[in-house]
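K.L.:
coordinates for the following, if possible.
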Amino acid sequence: TGHWWMQRVTAVALAVLGIWFVLLLASLRPAGYEATRMIFTDPVTAALTIAFVWSLYYHGYLGLQVVIEDYVHHRPTEVTLMILVRFAAFLAALVTTIAVLKLVFAG
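P.N.:
Model (predicted):
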């Protein structure tokens, strides 16, 4: 049940943060690089962006885990895919977090 609950919690987080992020991106459309960077230097904006990214990748990982468990019947392939998906999700979230932090702390 923990897996099921985490999928639901991340789905709700993504619904709320996704709307916020789309509105943020829409407001940045006419802005240039410097204006965009200044918006992301706000700690709340940076924190919400990082929360959105980690929720997105974790939710995707949970969904792919279910697909792999349900449809891959060769145990070594299943384990290999699970490791690759977990690593890819973590790496993507880490790289995105570093990019946001670079915007925040770039002087």
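
K.L.:
for the protein, what are the low-confidence residue spans?
P.N.:
For the chain, the stretches flagged by pLDDT under 70 are 107.

K.L.:
and if we set it to 90?
P.N.:
Applying pLDDT under 90 to the chain flags residues 1, 28-41, 103-107.

K.L.:
for it, longest helix please?
P.N.:
Scanning the chain for the longest helix, with DSSP state H as the assignment, gives helix 75-105.

K.L.:
tell me the buried residues in that one?
P.N.:
Leu81, Met82, Val85, Ala89, Ala93, Thr96, Thr97, Val100, Leu103, Val104 (16 or more other CB atoms under 10 Å). In short, each C-beta sits where N, CA and C put it, glycine included.

K.L.:
can you name every helix or strand that that helix contacts?
P.N.:
On a contact count with 3 or more CB pairs under 8 Å, 6 or more residues apart in numbering; DSSP states H and E, helix 75-105 meets helix 33-40, helix 43-71.

K.L.:
looking at these, which is closest to His3?
P.N.:
When the helices and strands packed on helix 75-105 are ranked by distance to His3, counting by CB to CB, first place goes to helix 43-71 at 6.4 Å.

K.L.:
I'd like the distance from the closest one to the chain centre, please.
P.N.:
Offset of helix 43-71 from its chain centre (CA atoms, centre = their mean, to the nearest Å): 5 Å.

K.L.:
leaving out the residues flanking it, which one is nearest to the residue nearest in space to the middle of the chain?
P.N.:
Computing the C-alpha centroid of the chain and ranking residues by CA atoms, centre = their mean puts Val53 first, at 2.4 Å. Once flanking residues are discounted, Val53 sits nearest to Thr96: 4.6 Å by CB to CB, 6 or more residues apart in numbering.

K.L.:
one more: Gly60?
P.N.:
Excluding the flanking residues, the one nearest Gly60 by CB to CB, 6+ apart is Ala89, at 6.2 Å.

K.L.:
who are the contact partners of that neighbour?
P.N.:
Tyr57, Tyr58, Gly60, Tyr61 (CB atoms under 8 Å, 6 or more residues apart in numbering).

K.L.:
I appreciate the help and will end here.
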